[in-house]
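Q: Using only what follows, build the 3D model:
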Amino acid sequence: MRPPLVELRGIVKTFPGVVANAGIDLAIGPGEVVALLGENGAGKSTLMSVLAGLYRPDAGTILLEGTPVEFRSPRDAIDAGIGMVHQHFRLIDAFTVTENILLGWHTPRFRLNTRAEADRVEQMAFRHGLGVDANARVWQLSVGERQRVEILKMLYRDARVLILDEPTAVLTPQEVDLLFAAIRRIVGQARAVFFISHKLDEVLAIADRIVVLRGGRVVGTARPSEVTPRALARMMVGHEVDAGPRPAGEPGAGVLALDGVRALGDRGHLALQVDHFEVRAGEIAGIAGVAGNGQRELAEVIAGLRPTTGGRLLLDRQDIAPLTPRARWARGIAYIPEDRVGEGLIPSFSITENAALRDYASPPLSRGPFFSRREARAKAVAIIERFQVRAPDADVQVRTLSGGNQQRLLVGRETAATPRVLVAMHATRGLDVDATAAVHKIFLDLRAAGVAIVLISESLDELFALSDRVVVMHRGRVVGERPARTATREEIGLMMAGGSAA
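A: Residues are numbered from 1 along each chain as shown. So this is what the prediction gives:
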């Protein structure tokens with residue numbers, strides 16, 4: 001009998017205070033897609049990082065087609081035919097697609113013919129259904145196209161086993177369909193794919209076999225035809241998952257309004273043109289739209305991170321457009337950014353230091369020029385307990401936390417004081433079902449407390465489940481809205497594409 005392409009036996013990996021992998025056995029064969037499911041911090045990414053040569057296991061064995069191997073670096077793993085596409089892309093924006101693919105590789109060794117290599121990249125992209133312009137600069141590409149470049153980079157290196165870490169977290173539904181078609185082509189060439197995800201419907205659609213991890217151990221395996229999403233969720237978290245009932249109640253008075261607001265994008269073009277948009281107390285206004293249609297600019301304008309070139313931004317009928325982000329926060333505007341690590345948290349800081357970033361200069365954290373670390377730590381501990389941040393203590397660096405626990409910390413810091421307005425952008429992206437349910441409950445509780453919430457998400461299911469209204473943006477404009485209870489995917493999708501649902 002032919003051995004698997006890759007087999008992991010008894011893999012153990014620990015970090016200070018955390019056992020990430022506790023003796024995991026796992027195998028994958030040619031032509032197979034194996035999905036790894038589990039809560040944030042269950043050990044999925046750590047296990048795959050061991051296979052990709054990023055970490056060295058404390059115990060256990062890696063076998064390639066039955067032969068034990070030892071990877072001392074990612075280069076060793078790549079040379080052995082194992083490539084990992086990370087959730088956060090590792091590309092140089094100023095370089096072309098071809099230059100990024102060739103960067104760091106040992107062929108061609110002596111003479112580089114960029115035109116010939118670009119042709120080779122384009123042929124490879126066509127063969128695998130990963131259409132991309134080989135001569136385009138990376139900064140010109142959409143998120144989905146950048147991901148294709150990362151996959152092509154691994155295929156160019158002749159990877160036989162691809163590891164895709166949260167590959168759909170930043171993709172539109174259309175891009176997900178293209179990715180799944182490409183994965184099927186890839187495994188059809190006697191390659192194999194490890195697919196790490198939290199999205200149960202996508203796992204059931206693409207996987208040949210599902211492996212569930214919890215607490216660093218394999219707690220179950222299943223074929224998609226043998227299991228339901230509810231059963232998978234229960235297996236992942238060890239209990240039934242329920243976000244709680246949807247609270248009733250009519251929204252109150254208007255809290256935040258944009259009138260004639262204009263703002264430029266990063267490249268100097270007019271990216272936001274909102275004639276009128278309002279959100280009321282005790283209301284969740286869900287913002288739908290294909291990525292890049294002004295959602296980020298809208299969030300940054302409200303938070304004070306992007307200046308306006310015209311119009312009025314009203315909080316309780318007072319124009320706050322001239323105010324700084326700190327001044328807006330002091331008036332009750334909280335912001336959960338799209339990039340939790342790049343914008344929301346400082347990875348090298350401790351949980352305590354990150355918890356104090358917003359109000360370190362205000363009582364009780366500070367009195368005059370004196371900062372109280374004791375009060376800051378007490379605040380951090382309160383956030384950890386209330387928002388169920390899983391961490392050994394409040395003094396560990398945020399970089400050691402899983403993505404879900406980083407997000408719980410960020411949401412906790414921004415909402416602990418019950419703001420007047422919360423702007424949340426992709427707040428559950430990359431989170432497991434339990435963490436997603438916890439964040440959803442926080443939002444529902446805030447709405448019940450009278451907070452006005454602007455919820456920006458690429459998941460229509462999430463917007464329909466939480467929002468009172470679904471507001472659609474296209475090319476920087478608000479092009480329509482529907483009550484969430486009566487809206488359909490078809491009419492919202494039509495407006496997202498620039499059509500009319502009237």
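Q: What segments of the stretch 51-200 of the chain are strands?
A: With DSSP state E, counting those that start in this stretch as the criterion, the stretch 51-200 of the chain has strands at 59-64, 67-69, 82-85, 161-165, 192-196.
Q: And for residue 320, the neighbour number?
A: Residue 320 has 18 neighbouring residues, counting by other C-beta atoms under 10 Å. (Glycine included, C-beta is placed from N, CA and C.)
Q: Quick check, it in contact with residue 308.
A: No. Applying C-beta atoms under 8 Å, one finds residue 320 not in contact with residue 308, separated by 10.5 Å.
Q: picking that back up, want to try CSV for the strands of the stretch 51-200 of the chain, with mean pLDDT, distance to residue 4 and mean neighbour count as columns?
A: Putting the strands of the stretch 51-200 of the chain into CSV (pLDDT from 0 to 100; distance: least, C-beta to C-beta, whole Å; neighbours: other C-beta atoms under 10 Å) gives the following:
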stretch, mean pLDDT, distance to residue 4, mean neighbour count
strand 59-64, 95, 8, 16
strand 67-69, 94, 11, 12
strand 82-85, 91, 13, 25
strand 161-165, 93, 10, 25
strand 192-196, 95, 8, 25
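Q: Tabulate the ones you listed (a markdown table), appending distance to residue 435.
A: Converted to a markdown table, the strands of the stretch 51-200 of the chain look like this (distance: least, C-beta to C-beta, whole Å):
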| stretch | distance to residue 435 |
| --- | --- |
| strand 59-64 | 28 |
| strand 67-69 | 34 |
| strand 82-85 | 23 |
| strand 161-165 | 17 |
| strand 192-196 | 15 |
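Q: what's the closest of these to residue 338?
A: The closest of these to residue 338 is strand 161-165. By C-beta to C-beta, the value is 18.0 Å.
Q: Quick one: residues contacting residue 19.
A: 12-13, 216 (C-beta atoms under 8 Å, 6 or more residues apart in numbering).
Q: Residue 385 - that's part of a strand, no?
A: No. Read with DSSP: H, G, I helix; E, B strand; the rest coil, residue 385 is helix and lies in no strand.
Q: the helices in the stretch 401-502 of the chain, which residues?
A: 403-415, 433-448, 460-466, 489-496 (DSSP state H, counting those that start in this stretch).
Q: try the stretch 151-300 of the chain
A: For the stretch 151-300 of the chain, the helices defined by DSSP H, counting those that start in this stretch cover 173-187, 200-206, 229-237, 295-303.
Q: which residues touch the last one?
A: In this case it means helix 295-303. So helix 295-303 is contacted by 256, 258, 261, 263, 265, 271-272, 274, 287, 289, 306, 308, 313, 325, 328, 333, 335, 337-338, 421, 423, 425, 454, 456, 473, 476 (C-beta under 8 Å, 6+ apart).
Q: 6 Å instead, please
A: 263, 271-272, 287, 289, 306, 308, 325, 335, 423, 425, 456, 473 (C-beta atoms under 6 Å, 6 or more residues apart in numbering).
Q: before we move on, what about the shortest one?
A: Residues outside helix 200-206 that contact it (C-beta under 6 Å, 6+ apart): 33, 35, 168, 180, 197, 210, 224, 229, 232.
Q: what's the burial count for residue 347?
A: Neighbour tally, residue 347, other C-beta under 10 Å: 14.
Q: So the closest residue to it other than its chain neighbours: helix, strand or coil?
A: Using C-beta to C-beta, 6 or more residues apart in numbering and skipping the chain neighbours, the partner closest in space to residue 347 is residue 399 (3.7 Å). Secondary structure, three-state DSSP: residue 399 is helix.
Q: Count the neighbours of residue 399 for me.
A: Counted with other C-beta under 10 Å, residue 399 comes out at 12.
Q: end to end, how far does stretch 201-214 reach?
A: End-to-end span of stretch 201-214 (C-alpha to C-alpha, to the nearest Å): 19 Å.
Q: where along the stretch 1-150 of the chain do the helices fall?
A: 44-51, 74-79, 97-102, 114-128, 143-156.
Q: Please identify which of these is closest to residue 3.
A: Closest approach to residue 3 among these is made by helix 44-51 (15.8 Å; C-beta to C-beta).
Q: Minimum distance to residue 386: which of the helices of the stretch 1-150 of the chain has it?
A: Per C-beta to C-beta, nearest to residue 386 of the helices of the stretch 1-150 of the chain: helix 44-51, 26.1 Å.
Q: And that closest one, what does it pack against?
A: Applying 3 or more C-beta pairs under 6 Å, 6 or more residues apart in numbering; DSSP states H and E, we find helix 44-51 packed against strand 6-15, strand 18-28.
Q: and the angle for the longest one with strand 192-196?
A: Just to be clear, that refers to strand 18-28. With axes from the mean of the first three to the mean of the last three C-alpha atoms, to 10 degrees applied, the angle from strand 18-28 to strand 192-196 works out at 150 degrees.
Q: what about strand 18-28, average pLDDT?
A: On average, the pLDDT along strand 18-28 is 93.
Q: That one - which strands sit beside it in the sheet, and in what orientation?
A: Neighbouring strands of strand 18-28 in its sheet, by DSSP bridges, are strand 6-15 (antiparallel).
Q: Off-centre distance for the strand it pairs with?
A: Relative to the centre of its chain, strand 6-15 is centred 26 Å away, using C-alpha atoms, centre = their mean, to the nearest Å.
Q: Next: stretch 82-102.
A: Stretch 82-102 has its C-alpha centroid displaced from the chain centroid by 18 Å (C-alpha atoms, centre = their mean).
Q: before we move on, what about stretch 226-239?
A: Counting by C-alpha atoms, centre = their mean, stretch 226-239 is centred 22 Å from the centre of its parent chain.
Q: outside of that stretch, which residues touch it?
A: For stretch 226-239, the external contacting residues (C-beta under 6 Å, 6+ apart) are 37-39, 200, 212, 220, 240-241, 433-434.
Q: Could you do stretch 259-269 as well?
A: Contacts of stretch 259-269 with the rest of the structure, by C-beta under 6 Å, 6+ apart, involve 271-274, 276, 297, 301, 306, 308-312.
Q: Quick check on those: which are buried?
A: 271-274, 297, 301, 306, 308, 311 (16 or more other C-beta atoms under 10 Å).
Q: Relative to residue 345, which of these is nearest.
A: residue 306 (20.0 Å).
Q: List the single closest residue to the closest one in space, sequence neighbours excluded.
A: Take residue 306 and drop its neighbours on the chain: the residue closest to it by C-beta to C-beta, 6+ apart is residue 300, 3.8 Å away.
Q: Count the neighbours of residue 341 for me.
A: Around residue 341 there are 16 other residues, counting by other C-beta under 10 Å.
Q: so where is the stretch 301-450 of the chain shaky, pLDDT-wise?
A: Along the stretch 301-450 of the chain, the parts satisfying pLDDT under 70 run over 430.
Q: Please apply the same query to the stretch 101-250 of the chain.
A: Scanning the stretch 101-250 of the chain for pLDDT under 70 picks out 106-112, 169-170, 172-173, 239-249.
Q: so residue 97 sits right up against residue 151, yeah?
A: No. Using C-beta atoms under 6 Å, residue 97 is not in contact with residue 151; the gap is 11.7 Å.
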